[in-house]
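A.B. asks: heads up, no residue letters with this:
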């Protein structure tokens, strides 16, 4: 059984960027053919760009020399074909990589959602709803961008740079030396300016997640504050968190956006110098116009690759910062272990607590040496003052909380070794504040058992003392209950939950103060 210290130790374990990339690439196995096709199209586009430079040289030489008209038209046609092939291949490359990376995002989000499904309530409490929403909707997408960046940029641009550098050396080694010097200076500048950007991006994402949580708190508490005519000072925490996020974001964006313009300035200065050098060489008769055109064309493609690599550096750091947050969730211990055995067909006969301890690090409360046995066919009432641990005990009983020590036995088997599906088929749980999930009355009750005949729905509603109210509604079973049950009263909401519990055919029913929202007459009839 994992304790809080185990969870914190696992979640806070550092990961290198290489480890993050390696784990991200484990999600690409299903799509390796599509990704290989995308990379191939990218390399083909780069090859077509290289052919453009070569055909440009030939075309200019034909136009400035005494070549036959047919030869000049042929070379111009080949140049146009290279341009068209490069544009088409680059378009299909971008389309293929975009579609595949979006599918990878869905796979990663599915993995994260399944991981959250195996968490206990104690572990989920360590993350706010805002952080979970930010993690599953934004961080997973940002993390998988690293795959597209590595395969779409890092696998393509260095090959283009090497080919263009070799061709520049072949055309004029001095121009190639100037181009490589400019590339080296731009790369050094990028390396220096992006140092620390990854940590800053991670802090920014954490601040954004915190502001999301404040926003959810604001939406959930505004109406309550209005009821008590609050001055509004309590909800001012969201503007403060929002201001803090925007201040950090503006500083980060200023530092991030400093890389591209200064890098382009450096490369543009060297490009202008090389173009002037090529013009001076033409005037001295040292090189032909065709060679000069090839130098300029190679230079344009060379620094285009440099600019893409500059953007690649900062974008990859942001993606890996998001990947680290995602792996914080994926590496956290699971309370539920996937069972290799099919779910058992036997019913729940007994539940037994053996020396169960439950301690909370943030509360001055704990349970010690709880030994309890619940047999099938019996009703057990747990009574005690507020704060004595009744709700905690019911959460241990439903396995929403893992015990700090001891074990919960189901039919004589430790709870961690049974199938989660089997437990859900045996258990019905009605908490104090049951959430509203369905959109209509029928959906809310049918959560207990899907595709239920109307006669059984009516029986469950009669048992919950709510059938007459449903019949009085113009839309009957299809009456909307609104987000979070805002269109119905608390008592009606509670009786809908009762009907759902009555409809579910379970072996054990755990009811946590189930009649708290009912009047005394209805409460006595339901009991």
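C.D. replies: Noted; the coordinates are in hand. Fair warning: this is a prediction, and the values are worked out from it, not measured in the lab.
A.B. asks: how about whichever strand or helix holds residue 158: buried residues?
C.D. replies: Here residue 158 sits within helix 157-171, counting by DSSP states H and E. Buried residues in helix 157-171, defined by neighbour count with 16 or more other C-beta atoms under 10 Å: 157, 159, 160, 161, 163, 164, 165, 167, 168, 171. C-betas here are computed from N, CA, C, even on glycine.
A.B. asks: hang on, isn't the second one packed against residue 46?
C.D. replies: Yep, that's residue 159 we're talking about. Yes - using C-beta atoms under 8 Å, residue 159 is in contact with residue 46, at 6.3 Å.
A.B. asks: give me the next element, helix or strand, following the helix holding residue 158.
C.D. replies: helix 173-193.
A.B. asks: how far off helix 157-171 does that next one point, in degrees?
C.D. replies: 150 degrees (axes from the mean of the first three to the mean of the last three C-alpha atoms, to 10 degrees).
A.B. asks: how far out from the middle of the chain is helix 173-193?
C.D. replies: Centroid separation for helix 173-193 versus its chain: 37 Å, with C-alpha atoms, centre = their mean, to the nearest Å.
A.B. asks: next: stretch 388-400.
C.D. replies: 31 Å.
A.B. asks: show me what contacts residue 133?
C.D. replies: By C-beta atoms under 8 Å, 6 or more residues apart in numbering, the residues touching residue 133 are residue 212.
A.B. asks: against residue 103, how distant is it?
C.D. replies: The gap separating residue 133 from residue 103 is 21 Å, by C-beta to C-beta, to the nearest Å.
A.B. asks: on that earlier part again, which of the buried residues of helix 157-171 lies closest to residue 381?
C.D. replies: residue 157 (70.7 Å; C-beta to C-beta).
A.B. asks: so that closest one versus residue 49, what's the distance?
C.D. replies: 11 Å.
A.B. asks: now residue 395
C.D. replies: The value you get for residue 395 to residue 49, if C-beta to C-beta is used, is 62 Å.
A.B. asks: neighbour count for those two, which is higher?
C.D. replies: Taking neighbours as other C-beta atoms under 10 Å, residue 395 and residue 49 compare with residue 49 leading, 25 against 21.
A.B. asks: where's the more buried one, which helix or strand?
C.D. replies: Going by DSSP H and E, residue 49 is in helix 32-64.
A.B. asks: and residue 313, which of the three is it?
C.D. replies: Three states are possible here, and by DSSP: H, G, I helix; E, B strand; the rest coil the one that applies to residue 313 is helix.
A.B. asks: which strand or helix spans residue 406?
C.D. replies: Per DSSP H and E: residue 406 is located in strand 405-410.
A.B. asks: same for the helix or strand encompassing residue 264, what does it pack against?
C.D. replies: Element membership of residue 264, judged by DSSP H and E, is helix 259-283. Where contact means 3 or more C-beta pairs under 8 Å, 6 or more residues apart in numbering; DSSP states H and E, helix 259-283 is packed against helix 173-193, helix 289-330.
A.B. asks: can you say which of these is packed in most?
C.D. replies: Of the helices and strands packed on helix 259-283, the one with the most neighbours on average (mean count of other C-beta atoms under 10 Å) is helix 289-330, at a mean of 21.
A.B. asks: could you give the average pLDDT over that helix?
C.D. replies: For helix 289-330, the mean per-residue pLDDT is 78.
A.B. asks: next secondary structure element downstream of it?
C.D. replies: Helix 289-330 is succeeded, C-terminally, by strand 350-359 (DSSP H and E).
A.B. asks: list the buried ones in that following strand?
C.D. replies: 351, 352, 353, 356, 358.
A.B. asks: what's the closest of those residues to residue 95?
C.D. replies: residue 358 (53.8 Å).
A.B. asks: give the contact list for the nearest residue to that closest one once chain neighbours are set aside.
C.D. replies: Nearest non-adjacent residue to residue 358, counting by C-beta to C-beta, 6 or more residues apart in numbering: residue 367, 4.3 Å away. Residue 367 sits next to 356, 357, 358, 359, 389, 392, 393, 396 when contact means C-beta under 8 Å, 6+ apart.
A.B. asks: over to residue 89?
C.D. replies: Contacts of residue 89 by C-beta under 8 Å, 6+ apart are 41, 42, 44, 45, 48.
A.B. asks: let's have these in JSON lines, adding pLDDT and neighbour count.
C.D. replies: Formatted as JSON lines, the contacts of residue 89 follow (pLDDT from 0 to 100; neighbours: other C-beta atoms under 10 Å):
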{"residue": "41", "pLDDT": "89", "neighbour count": "22"}
{"residue": "42", "pLDDT": "86", "neighbour count": "25"}
{"residue": "44", "pLDDT": "88", "neighbour count": "18"}
{"residue": "45", "pLDDT": "86", "neighbour count": "22"}
{"residue": "48", "pLDDT": "86", "neighbour count": "19"}
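A.B. asks: for those, which one is nearest residue 318?
C.D. replies: Looking across the contacts of residue 89 and measuring by C-beta to C-beta, the closest to residue 318 is residue 42, at 21.6 Å.
A.B. asks: what are the buried residues along stretch 491-502?
C.D. replies: 491, 492, 493, 494, 495, 496, 497, 498, 499, 500, 501, 502.
A.B. asks: and it, how far out from the chain middle?
C.D. replies: 35 Å.
A.B. asks: touching it from outside, list them.
C.D. replies: With C-beta under 8 Å, 6+ apart, stretch 491-502 has contacts from 428, 430, 434, 436, 441, 444-448, 457, 459-461, 463-466, 469, 481, 485, 488, 509, 511, 514-519, 522, 526.
A.B. asks: repeat that for 6 Å
C.D. replies: Stretch 491-502 has contacts (C-beta atoms under 6 Å, 6 or more residues apart in numbering) with 428, 430, 434, 444-445, 447-448, 460-461, 463-464, 466, 485, 517-518.
A.B. asks: residue 277: neighbour count?
C.D. replies: 17.
A.B. asks: begin at 864, not 1, for the rest of this chat.
C.D. replies: Got it, the first residue is 864 from now on, which makes the last one we talked about residue 1140.
A.B. asks: what separation do you get for residue 1287 and residue 1184?
C.D. replies: 36 Å.
A.B. asks: the longest helix in the protein is where?
C.D. replies: helix 932-980 (DSSP state H).
A.B. asks: let's test this: mean pLDDT of that helix, rounded?
C.D. replies: Helix 932-980 comes out at a mean pLDDT of 86.
A.B. asks: and for stretch 1215-1222?
C.D. replies: On average, stretch 1215-1222 scores 86.
A.B. asks: show me what it is in contact with.
C.D. replies: For stretch 1215-1222, the surrounding residues in contact (C-beta under 6 Å, 6+ apart) are 1229-1236, 1255, 1266-1272.
A.B. asks: and what of stretch 1137-1148?
C.D. replies: By C-beta under 6 Å, 6+ apart, stretch 1137-1148 touches 1038, 1041, 1150, 1155, 1158, 1159, 1162.
A.B. asks: one step back: most neighbours of all the contacts of stretch 1215-1222, which one?
C.D. replies: Most surrounded of the contacts of stretch 1215-1222: other C-beta under 10 Å gives residue 1271, at 23 neighbours.
A.B. asks: what pairs with that one across the strands?
C.D. replies: Bridge pairing for residue 1271 (DSSP bridges) gives the partners residue 1216.
A.B. asks: what pLDDT does the model give it?
C.D. replies: Predicted confidence (pLDDT) for residue 1271: 88.
A.B. asks: just checking, it touches residue 1278?
C.D. replies: Yes - counting by C-beta atoms under 6 Å, residue 1271 does reach residue 1278; the two are 4.3 Å apart.
A.B. asks: what residues are shared contacts of the two?
C.D. replies: By C-beta under 6 Å, 6+ apart, no residue touches both residue 1271 and residue 1278.
A.B. asks: and the residue nearest the centre of the chain, how far from residue 976?
C.D. replies: In the chain, the centroid-proximal residue (C-alpha atoms, centre = their mean) is residue 1003; its distance is 2.5 Å. Using C-beta to C-beta, residue 1003 is found at 10 Å from residue 976.
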